[in-house]
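Chemist: dropping a prediction and its sequence here:
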Amino acid sequence: MKAFRSRPSIMVNRREEEKKAELEIQNLRLSFGGVVAVKDVDLKVHTGELMAIIGPNGAGKTSLLNCITGFYRAQQGKIIFNGKDITHLHTHELVGVGIGRTFQNIELFPGMTVLANMTLARHIHCQYSFIKSFLFSKSVREEEIRHRQILEEIIDFLEMQSIRKKTVGSLPYGMQKRVELGRALALEPKLLVLDEPFAGMNMEEKEDMVRFLLELNQRWGLTMILVEHDMSIVMSIAQRIMVLNFGEKLGEGSAEEVSVNPEVIKAYLGEAEAL
Amino acid sequence: MYKEEQHKTKTKLTLPQLLVENGTTYGDTKTAIREKAYGIWQKYNWADYCRYMRTTAAGFASLNLKRGENVCMIVHNHPEWLFSELAAHALGATTLNLFTSSIADELAFSIKRINSPIVVVQDQEQVDKLLEVKDKLPQIKKVVYIDPTGMTSYEDDPWLISYARLLEEGEKFIKDHPDFIENEINKGKPDDIAVMIQTSGTTGIPKLAMLSHRNLTTMAGQWVEAINIKPEENWLSMSPPAWIVDQMWGGGRSARKCHVYEFSGNR
């Protein structure tokens, strides 16, 4: 009974206020020279929601995520997270606020092991001082053990036991995506931002990923924003969907509402021309 | 040298009785089982081993398992296998281990043949197979699954119970009936059938070989003497529980002498 818990303590022991993730985007505008990537977008995400953002190529989905996570600076508008204006915060400050993310093109350290990559994410939770870490005192050792335990529970949850000491660069693509999710979870985020977590995966890897995300969202109440192209997955797991096209918001609602929205159908399938 | 006298006293006990004896003798001073989990070896001492056997047995008792009934197990090499197997023996039940790689129809045939009311399975894979043939197996009252990975959507099914829940039920049962398990363990006789092993089945349907507690403890005694195994040596459990090898070494020998049973798994 020492194995098989599959209940990561950082998820189980979250208090209600630690779950709170209210994101509000007001009138956000991002342009690169003459190209407007995100055009006056409004969006609200509530605690415990799994929100999906969809849209054709170049619709501005990743640009919007990059604004939320501080990689791009919006020229206009506001992003408010849990009542705090985070529009101008830097990426490392946003992690402290409780926003974790994964990337479309994997951004791990390929020459380091899975464990080392994930350990880096625990940096923001380290309590000990710089001096103490040199002496490697008892309190530092105990804290390091606690961090390792948290990581091991995430490894167990994501079923990565057999690769914990493998170099990330040597892993198949689907596994690297999983490691990236593990690293984002190690941050203990309140809001998890996922940029195409299913891209380039085979069916089995996709099913595993869906299972992890649903468990995180439905069982542990983790709030998520998901950008994804695989419509069958988005339609079956997202509670709310926002559709972007050329940086503009076309529609928002449940899977049923979005799939019958004429604007959305037009953006995806085009329009019939009069003969 | 062959110690006739000691050998005779040991073969007078059933496997659960031997475990209780070891639990009292070694308690928390010696390691009984090691399991690889969360990247390190986790230890169970003899007192832990005994406690898990008792709690699991109480869990089975709360599911109304009776003396003389059979328990089917479709598990991998993990401590939960030993706990459940010895727990079933503690209540006077007989166990049959099946291969985890068997297809659903094979499992259904074997479970139906021994009319087993409780089936202990490893994970979602085995649960799915049993659900597939559920209508052929009306005698199954409960399916106990050990590994909860991916089982969230199955939690409402009254046919299934997790091993963790079984232990909780067991603890409640012990509170209500403090002496029940001890009495049941003491009722055991060395010539009761402990395990059934399927023959290979190369020339037809596999037959069932019945082995008593005395068979297993005697066999263990001979091995210990023949190759001079000392206490606290390690046995790395790798062969499937459905084979005689790990049954003989796990159930018999590790209970017989203070040996350490190791489960490496993939964890």
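Modeler: Nice, thanks for sending it over.

Chemist: neighbours of the residue nearest to B:T29 when sequence neighbours are not counted, just the number please.
Modeler: Spatial nearest neighbour of B:T29, excluding adjacent residues (CB to CB, 6 or more residues apart in numbering or on different chains): B:N45 at 7.1 Å. For glycine as for every other residue, the C-beta is placed from the backbone atoms N, C-alpha and C. As a burial measure, B:N45 scores 17 neighbours (other CB atoms under 10 Å in any protein chain shown).

Chemist: phi, psi of B:N45?
Modeler: phi -90, psi 180 (degrees, to the nearest 10).

Chemist: next one: the one 5 residues further on
Modeler: The phi and psi torsions at B:C50 (degrees, to the nearest 10) take the values phi -60, psi -40.

Chemist: residues touching it, list them.
Modeler: Residues in contact with B:C50 (CB atoms under 8 Å, 6 or more residues apart in numbering or on different chains) are B:L19, B:V20, B:N22, B:G23.

Chemist: same check, this time on B:S62
Modeler: Counted by CB under 8 Å, 6+ apart, B:S62 has contacts B:E169, B:G170, B:K172, B:F173.

Chemist: can I have the buried ones of the residues you listed as a ChimeraX selection?
Modeler: Here is the ChimeraX command that selects the buried residues among the contacts of B:S62 (16 or more other CB atoms under 10 Å in any protein chain shown):
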select /B:169,170,173
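
Chemist: now do the buried residues in the host helix or strand of A:I233.
Modeler: Assigning secondary structure by DSSP states H and E places A:I233 in helix A:231-237. Residues of helix A:231-237 classed as buried by neighbour count (16+ other CB under 10 Å): A:I233, A:V234, A:M235, A:I237.

Chemist: and these, which is closest to chain B?
Modeler: Comparing the buried residues of helix A:231-237 against chain B with CB to the nearest CB places A:I237 closest, at 12.9 Å.

Chemist: any idea of the pLDDT on the closest one?
Modeler: pLDDT, A:I237: 93.

Chemist: what secondary structure does A:K206 sit in?
Modeler: helix (DSSP: H, G, I helix; E, B strand; the rest coil).

Chemist: convert the helix holding A:I233 to CSV, retaining C-alpha atoms only.
Modeler: What follows is helix A:231-237, C-alpha atoms only, in CSV (Å, rounded to 0.1, in the frame of the first residue of the first chain):
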residue,chain,number,x,y,z
MET,A,231,-11.9,19.2,-32.4
SER,A,232,-13.1,15.8,-31.1
ILE,A,233,-11.1,16.3,-27.9
VAL,A,234,-12.0,19.9,-27.4
MET,A,235,-15.7,19.3,-28.0
SER,A,236,-15.7,16.4,-25.5
ILE,A,237,-13.7,17.9,-22.6
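
Chemist: pull up the per-residue confidence for the spatially most central residue of chain A.
Modeler: The centroid of chain A falls nearest to A:V193 when counting by CA atoms, centre = their mean (2.3 Å). Per-residue confidence for A:V193 comes out at a pLDDT of 94.

Chemist: ok, now which ones touch it?
Modeler: By CB under 8 Å, 6+ apart, A:V193 lies in contact with A:L65, A:I68, A:T69, A:I99, A:G100, A:R101, A:T102, A:M224, A:I225.

Chemist: which other residues reach stretch B:99-114?
Modeler: With CB under 8 Å, 6+ apart as the test, stretch B:99-114 has contacts from B:70, B:72, B:74-76, B:94, B:96, B:98, B:119, B:122, B:125-126, B:129-130, B:132-133, B:136-137, B:139-140, B:196, B:198, B:205-206, B:208, B:240, B:242.

Chemist: same check on stretch B:179-191?
Modeler: B:11-14, B:16-17, B:20, B:54, B:57-58, B:61, B:67, B:89-92, B:173-174, B:212-214, B:217.

Chemist: quick one, phi/psi of the closest residue to B:E69 other than its chain neighbours?
Modeler: Nearest residue to B:E69, sequence neighbours excluded (CB to CB, 6+ apart): B:A93, at 5.1 Å. The phi/psi pair for B:A93 (degrees, to the nearest 10) reads phi -90, psi 160.

Chemist: what is the neighbour count of B:A93?
Modeler: 25.

Chemist: pretty sure it contacts B:L63?
Modeler: No - the pair B:A93 / B:L63 is not scored as a contact, 11.1 Å apart, by CB atoms under 8 Å.

Chemist: hmm, back to that, from the contacts of stretch B:99-114, which land in strands?
Modeler: B:N70, B:C72, B:I74, B:T94, B:L96, B:V119, B:M196, B:Q198, B:L208 (DSSP state E).

Chemist: nearest to A:T167 among those residues?
Modeler: Of all the ones in strands among the contacts of stretch B:99-114, A:T167 sits closest to B:I74, with 36.1 Å by CB to CB.

Chemist: which residues does the residue in the stretch 51-200 of chain A that chain B sits nearest to contact?
Modeler: Residue of the stretch 51-200 of chain A nearest chain B, by CB to the nearest CB: A:E152 (3.9 Å). Applying CB under 8 Å, 6+ apart, we find A:E152 in contact with B:Y38, B:G39.

Chemist: kindly provide the distance from it to A:N82.
Modeler: Distance from A:E152 to A:N82, counting by CB to CB, to the nearest Å: 30 Å.

Chemist: then the lowest-mean-pLDDT helix or strand in chain A to PDB, C-alphas only?
Modeler: Sorting the helices and strands of chain A by mean pLDDT, DSSP states H and E puts helix A:262-269 at the bottom, at a mean of 81. In PDB, the C-alpha atoms belonging to helix A:262-269 read as follows (Å, rounded to 0.1, in the frame of the first residue of the first chain):
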ATOM      1  CA  PRO A 262     -22.800  30.300 -38.300                       C
ATOM      2  CA  GLU A 263     -19.800  32.600 -37.900                       C
ATOM      3  CA  VAL A 264     -17.700  29.700 -36.600                       C
ATOM      4  CA  ILE A 265     -18.800  27.400 -39.400                       C
ATOM      5  CA  LYS A 266     -17.900  30.100 -41.900                       C
ATOM      6  CA  ALA A 267     -14.500  30.600 -40.400                       C
ATOM      7  CA  TYR A 268     -13.700  26.900 -40.500                       C
ATOM      8  CA  LEU A 269     -15.400  25.700 -43.700                       C
END
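
Chemist: can you give the distance of that helix from its chain's centre?
Modeler: Between the centre of helix A:262-269 and the centre of its host chain there is 27 Å, according to CA atoms, centre = their mean, to the nearest Å.

Chemist: so which bits of that helix are buried?
Modeler: For helix A:262-269, using 16+ other CB under 10 Å, the buried residues are A:V264, A:A267.

Chemist: residues from chain B in reach of chain A?
Modeler: Neighbours of chain A within chain B, by CB under 8 Å from any CB of the partner chain: B:35-39, B:42, B:44, B:52, B:78-80, B:146-150, B:152, B:163-164, B:167, B:265-267.
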